[in-house]
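Sequence first, predicted model second:
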Amino acid sequence: MISDEGAEGIGVDLGNQGWSATRSWVEKGLSEGERIEKVVELRGGWTSEMRRLDLCGPGGRRSLVLRSFVKPFFVRHAEGLLNREAAILRLLGDTDVPAATLTAVDATAQHCDHPSLLMSLLPGTVRLGDQGADDRAELLARQLVRIHQLPVTVQQRPRTYQAWASPERVTLPTATERPELWRRAVDVIRREPPTYQGCFLHRDFHPGNVLFTGADGDLRISGVVDWVETSWGPADLDVAHCSTALALLHGVPAGMRFADRYVAAGGTLAEDSTAHLYWRLLDALGFAPDAEKVAVPWRELGRVDLTAGVLTRRLEGYIESLFGRYA
């Protein structure tokens, strides 16, 4: 995330614990007389470590955000992920999508201690509470439509989407009383992917990657973050990912309503309900068995009620509802 949500001050020393090279890299790109005044750790991320760098200098104060891949898996894939995000941020700079401005990138850690990307700080906060969730979902749907409608040339197209679940990798919840439901869902994604009309996908669009400002009538989206997985593929897949997240965060009905909100906002989904079901289940099964991967950062942002048991029940109920509507 690229906001102050879940921020925790860690002082001015970015040189501790193997960060001295990264600090030098950042400082070389600053304006004359500008310096790092404070470093603040940002919570709520899972794939990378995020830090807000507060700067001061002759031109006044400003803040940047430093994304660094530290976990071995993401370090191995950092070159592709960070270069993709850098390219997408450059592309989005000429659009109305509220994304950060790229400052610098060192995707192979040639100069930094870890593969890193530096960008502007966006206003707003991540909001995951149940209160106001419907209003936020409406804005999420409209924003996703605008992302999908971005005109990009063949040369600008990101890579084709990659599935985050496969029949061989799905792990069923150990405590489920509905194993046949899970096996039925896995059987759906055994078939070949449906044909689709491709569009520009965020690919990880969900409430944890969207910043909001204001409230009630002044509520608006102030930023969309985390563009490392941007892809080309079916709009249904982005809608599916946000729908699953909403079901886990706010309950099954919230997840089931999002596709309708998206269509009402001007989006287009697969006309064939079985094709749409495929994309919805392909995403949902990527969270099995208990969605703990997303639960950790969500709990850090205050949703301590989202225990493994709660999330497993919601995911199972969501899959059941998908079959009830689309099968």
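Yes, it's here. Numbers count the residues shown, from 1 in each chain.

if I read this right, residue 179 contacts residue 185, doesn't it?
No - if you go by Cβ atoms under 8 Å, residue 179 and residue 185 don't touch, sitting 10.7 Å apart. C-beta coordinates here come from the backbone N, C-alpha and C atoms, glycine included.

more crowded one of these two?
residue 185 (25 against 10; other Cβ atoms under 10 Å).

Output the contacting helices and strands for the helix or strand hosting the more buried one.
Element membership for residue 185 (DSSP states H and E) is helix 179-188. Packing contacts for helix 179-188, counted by 3 or more Cβ pairs under 8 Å, 6 or more residues apart in numbering; DSSP states H and E, involve helix 273-284, helix 308-326.

so of those, which one's packed in deepest?
Among the helices and strands packed on helix 179-188, ranked by average contacts under mean count of other Cβ atoms under 10 Å, first place goes to helix 273-284 (a mean of 22).

and the angle from that helix to helix 308-326?
Orientation check (axes from the mean of the first three to the mean of the last three Cα atoms, to 10 degrees): helix 273-284 against helix 308-326 gives 170 degrees.

residues making contact with helix 273-284?
163-165, 185, 188-189, 191, 193-196, 234, 236-237, 239-241, 243-244, 259, 269-270, 315, 318-319, 322-323, 325-327 (Cβ atoms under 8 Å, 6 or more residues apart in numbering).

Between helix 179-188 and it, find me the angle.
110 degrees.

ok, which stretches of the stretch 51-200 of the chain are helices?
72-76, 78-92, 133-148, 179-188 (DSSP state H, counting those that start in this stretch).

is it true that residue 164 touches residue 286?
Yes - between residue 164 and residue 286 there is a contact under Cβ under 8 Å: 3.9 Å.

Who has more neighbours out of the two?
Each of residue 164 and residue 286 has its neighbours counted (other Cβ under 10 Å); residue 286 has more, 19 against 16.

where exactly do the strands run in the protein?
Secondary structure of the chain by DSSP state E: the strands cover 7-9, 35-42, 49-57, 60-68, 102-106, 116-120, 198-201, 210-213, 220-224, 231-234.

before we move on, the earlier item: out of the contacts of helix 273-284, which are buried?
164-165, 185, 188-189, 196, 234, 236-237, 239-241, 243-244, 259, 269-270, 315, 318-319, 322, 326 (16 or more other Cβ atoms under 10 Å).

Pull the CA coordinates from stretch 70-90 and hand them back as CSV.
Output in CSV follows, covering the C-alpha atoms of stretch 70-90 (Å, rounded to 0.1, in the frame of the first residue of the first chain):
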residue,chain,number,x,y,z
VAL,A,70,13.0,-9.1,0.8
LYS,A,71,11.3,-12.6,0.9
PRO,A,72,13.4,-15.0,-1.2
PHE,A,73,10.5,-16.0,-3.5
PHE,A,74,9.8,-12.4,-4.5
VAL,A,75,13.4,-11.5,-4.7
ARG,A,76,13.8,-14.3,-7.4
HIS,A,77,10.9,-12.8,-9.3
ALA,A,78,11.6,-9.1,-8.6
GLU,A,79,13.1,-8.2,-11.9
GLY,A,80,9.9,-9.0,-13.8
LEU,A,81,7.6,-7.7,-11.1
LEU,A,82,9.3,-4.4,-10.4
ASN,A,83,10.0,-3.6,-14.1
ARG,A,84,6.4,-4.4,-14.9
GLU,A,85,5.2,-2.0,-12.2
ALA,A,86,7.6,0.7,-13.3
ALA,A,87,6.3,0.4,-16.9
ILE,A,88,2.7,0.5,-15.8
LEU,A,89,3.2,3.5,-13.6
ARG,A,90,4.8,5.4,-16.5
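
Give me the buried positions along that stretch.
Result for stretch 70-90 [16+ other Cβ under 10 Å]: buried residues 74-75, 78, 81-89.

Stretch 168-177 too?
For stretch 168-177, by 16+ other Cβ under 10 Å, it's 170, 172-173, 176.

between those, which is nearest residue 299?
Set against residue 299, the nearest of those by Cβ to Cβ is residue 173 (18.9 Å).

List the contacts of the closest one.
182, 288-290, 312, 316.

Quick check: the farthest pair among those?
Top of the distance list for the contacts of residue 173 (Cβ to Cβ): 182 and 290, 12.3 Å.

residues contacting residue 152?
Contacts of residue 152 by Cβ under 8 Å, 6+ apart are 91, 200.

Distance check, it against residue 197.
From residue 152 over to residue 197 the distance is 14 Å, taken as Cβ to Cβ, to the nearest Å.
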